[in-house]
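[1] only geometry, no sequence info:
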DNA sequence: TTGAAAGCGCTAACAA
DNA sequence: TTGTTAGCGCTTTCAA
C-alpha cells in the first residue's frame, strides 16, 4: 500500500479508505488512488487487514469427503450463497475420521474464520470444545438427530428411514433387505438404518438380509450386492439401499434379470440425485435437500457475520423435510 | 499467546518456539508451555503469524464448477496430496465466467497464498498479469494445449479428440454424430471437438450431425439428445459424446431401443468416470486423469513452497497421456 | 537455552 | 475530507 500511497501522493489511511469504499473521500483523490493502484497492480494484503481489523472473510467448511457426490453439492450451495456476501469458503476434508476432523478444525480456527460449517453432530470432545469457543457462528449440517453446539441445519435421518419403512409397508411389501456402506463413522446412514428398523418393527417386521460394501464404484457395487443378496434370499420383495448410486446399480441389475419391478420386487434409495432421472425407471428415493442445506447454513453464517450480532444471536435450528419420491420402483399403497 | 506466556511463566518468544517446534527449548519449559496451552484451549493466530513470518499455508484452487463431478475429483486429489504437507486448499468457483475468475483470483491473492492452482489456460489479460506477479508458484491444470504462465499439468484435449476420431475411423465407422454441452467458455470441450474434427478430416470424413445442451440432468439429456439425433439422422453409425454422463444416457437409450451396439451403432464418451463400470455395457471412453492431475499439481506447489526455491525454480510442464478405454461400445479396429 | 526489541501491512480511533 | 498515532498477535533478529 505504501507504493500506492506514494504514487498517488495520498496518505496510507486514505488509500485504505478508497480501497475499502469506506468513509467520505473526494472523487478527486478516489480517482488518483484507484489509478495508482491499478497501474501498480496493487493487491491489498488481507492478512494485515484482518489482523488490524479483527475481521476475516473466510468461512471454514468441514466435510467428510469429496468423492461422495453429496458433499460437493452441499459445498456448491454454500459457495453460491456466500458469493454475494464477499465471504470465501475454505474446505477441509476429514475422510470420516474424527481425529482428522479435530485437526482440521484446529487448523481452521487458527485463521479466525467468520464462521464454521461442519457436517454432522458427532465430534470428539476436543472438537466440540473448539466449536463452542470458536468465537464465530457455527452451523452443523445434514443431520438434526442430536444436540448441536450452535445452529443446526439438516434433516432427520432417523425419520427419513422411518418414513421409508412406513411407505414400504403401506405398499404391501413384507420381506425386506437392506444394502449399504460399511462405514462405522457414517452416523447419518446409521441413523437412517435405525429409523428404518424402527418403522418395520412397528409393523411387526424386520430386515431379513443385509449387505455392506466399501470403496469402489457404487453403481457396480450395487449390482454385485443385489445379485448376491437375491441369490441368497430369493424371497425378498423389497430392497432398501442406503444411497441412490447403489440403488441405481441394483435397479439396472434387476431390470436385466427381468424382475417385475415394482410388482415382484420393490426398490428404494436415498438422496434424490439428479442421475436417477435418466435411468430406464425412476428409482424411489427421498430428497436429502443437500443444496438447500448448504444455502441455509451459509445464510446463517452470512447474517451473523454481517451484523455484529455474533454473541447475542440465538442459535437457529432448521429441520428440512425430505419428501418421498416414489418414482417407478415402489407399488402404490395398498388400500384399507 | 500472551495468556499462555503468563500462565507458563515463559516469554512469548519461547512459547512461540515451543508451539512451532523451532529452535532449542529445554524439555522442562516445553512441557510447561504445552500444558498451559492445552488447559487454556489456546489456538495460535495464523493471521498474525503469517503477517510476521510472511509465510502462509494456504493454496488457492480456482475451478469453474463443483457440479461437474470432474472438479471435485481434481480437488480431492489436491486435498489428499496437500494433507501431508500442512498446506490447506482454499477453493474458488468461477462458474465458467472469465470475469468471475478474475475477481476470485484477486480475492485469493490478497491472502498471499503459498501457491495457486487454476483450471485451464484461458484467462483474461488482467488475470494473467495477476498470475504472473503472484509471487507464488502457479499451476494451470487440466489442459496443455496452449501457453501457461508458470507450471502446467494436464492432458491435450485436442489430441484426445484426435485419437478418438482415429480409433472410430479405424473401427470402420463412417457417419458420425457429436453431442456435447453448449458452453462457449468450456475450452477443453471445444479443443476436443476441434481435434476430433481434425481426426475425421484426415480420413476424409466430417461430423454429420451435432446436438448441444445446457443444464439439467446429464444422463437424461443424453437420452433426449440421442433420441432427437437418431430420429433426425437415422443413418449415423457412431455417436461421440463430450462427456461420459450424457454418453451413459445415450447408451441406456440405445440399448432400450434395441440398437445393436457396437455393431450397428458405436458410442464413446469422455472422462473415464467410475460410474461407467456399473452400466449394462461399458461405454468407450478416455481417462482424463483428473485425480492424478490434482495430485501432480499439488506436488509441484508443495515442493516449491517447502524449499525456498520459489523464484528460481523452472516451471514444470507435465502432460499426462489419456488412454482410450474401448469398453463394449466400439467395434474392434477393422483389419488392414 | 532464553529474552528483548522491532516490525510485518494494514485499520480503528481520534485529531485536524 | 484527510492525516496521525497506535497497535492487531505473532516472528525475526540479535543479544544475553
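    Structure received. Treat the numbers as computed from the prediction; the structure is a model and nothing was measured. Numbers count the residues shown, from 1 in each chain, chains lettered A, B, ... in the order given.
[2] And for the closest residue to DNA strand D within the stretch 51-200 of chain A, the neighbour number?
    Using CB to the nearest atom of the strand, residue A:52 is the residue of the stretch 51-200 of chain A that sits closest to DNA strand D, at 3.5 Å. Placement of C-beta: from N, CA and C, glycine included. Applying other CB atoms under 10 Å in any protein chain shown, we find 11 residues neighbouring residue A:52.
[3] do the strand or helix carrying it and DNA strand C meet at all?
    When elements are defined using DSSP states H and E, residue A:52 is found to belong to helix A:46-53. Yes: taking CB under 7 Å from any atom of the strand as the criterion, helix A:46-53 and DNA strand C are in contact, through A:48-49, A:51-53.
[4] Ok, stretch A:19-30 next?
    Yes: Stretch A:19-30 reaches DNA strand C (CB under 7 Å from any atom of the strand) through A:19-20, A:22.
[5] from those, which would you call buried?
    For the residues of stretch A:19-30 next to DNA strand C, a burial check counting by 16 or more other CB atoms under 10 Å in any protein chain shown picks out residue A:19.
[6] could you check the angle helix B:46-53 makes with the helix or strand following the helix holding residue A:52?
    Downstream of helix A:46-53, the first helix or strand assigned by DSSP H and E is strand A:58-63. Counting by axes from the mean of the first three to the mean of the last three CA atoms, to 10 degrees, strand A:58-63 lies at 120 degrees to helix B:46-53.
[7] I'd like the distance from strand A:58-63 to the chain centre, please.
    12 Å (CA atoms, centre = their mean, to the nearest Å).
[8] Distance of residue A:163 relative to chain B?
    25 Å (CB to the nearest CB, to the nearest Å).
[9] and the nearest residue to that residue once chain neighbours are set aside, bridged to which residues?
    Spatially, and ignoring its direct neighbours in sequence, residue A:163 is nearest to residue A:324 (6.4 Å; CB to CB, 6 or more residues apart in numbering or on different chains). When bridges are called by DSSP bridges, residue A:324 pairs up with residue A:286.
[10] who's in contact with residue A:324?
    A:163-164, A:167, A:284-286 (CB atoms under 8 Å, 6 or more residues apart in numbering or on different chains).
[11] Which stretches in chain A count as helices?
    Taking DSSP state H, the helices of chain A run over residues A:2-8, A:12-19, A:27-40, A:46-53, A:70-83, A:98-109, A:125-132, A:157-170, A:187-201, A:218-232, A:244-256, A:290-306.
[12] Mind putting the ones you listed into CSV with mean pLDDT?
    Shown next, in CSV, are those (pLDDT from 0 to 100):
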stretch, mean pLDDT
helix A:2-8, 93
helix A:12-19, 95
helix A:27-40, 95
helix A:46-53, 97
helix A:70-83, 94
helix A:98-109, 96
helix A:125-132, 96
helix A:157-170, 98
helix A:187-201, 98
helix A:218-232, 98
helix A:244-256, 97
helix A:290-306, 95
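[13] which one of the ones you listed is the most hemmed in?
    helix A:244-256 (a mean of 26; mean count of other CB atoms under 10 Å in any protein chain shown).
[14] residues in contact with it?
    Contacts of helix A:244-256 (CB under 8 Å, 6+ apart): A:69, A:179-180, A:213, A:218-227, A:230, A:239, A:241, A:261, A:265, A:267-273, A:275-276, A:279-281, A:283, A:285, A:329, B:275, B:278-280.
[15] again, 6 Å this time
    Residues outside helix A:244-256 that contact it (CB atoms under 6 Å, 6 or more residues apart in numbering or on different chains): A:218-219, A:221-223, A:226-227, A:239, A:241, A:261, A:267, A:269, A:271, A:273, A:276, A:279-280, A:283, A:285, B:278.
[16] and stretch A:97-113 with chain B, contact?
    Yes: Stretch A:97-113 comes into contact with chain B (CB under 6 Å from any CB of the partner chain), by way of A:109-111.
[17] Surely residue A:322 is in contact with residue A:292?
    No: under the criterion of CB atoms under 6 Å, residue A:322 is not in contact with residue A:292, lying 10.5 Å apart.
[18] so what's the residue nearest to residue A:163 scoring on pLDDT?
    Looking at residue A:324, its pLDDT is 97.
[19] now the residues of stretch A:97-113 next to chain B in TSV, with distance to residue A:141?
    Converted to TSV, the residues of stretch A:97-113 next to chain B look like this (distance: CB to CB, whole Å):
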residue	distance to residue A:141
A:109	18
A:110	22
A:111	20
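[20] tell me, what residue is most central in chain A?
    residue A:74 (4.2 Å; CA atoms, centre = their mean).
[21] Check whether stretch A:110-118 comes near DNA strand C.
    No: if you take CB under 7 Å from any atom of the strand as the test, stretch A:110-118 misses DNA strand C, and the best it gets is 13.3 Å.
[22] I would like the residues contacting that stretch, please.
    For stretch A:110-118, using CB under 6 Å, 6+ apart, the contacting residues are A:56, A:58-62, A:134, A:136-141, A:297, A:301, A:305, B:43-44, B:46.
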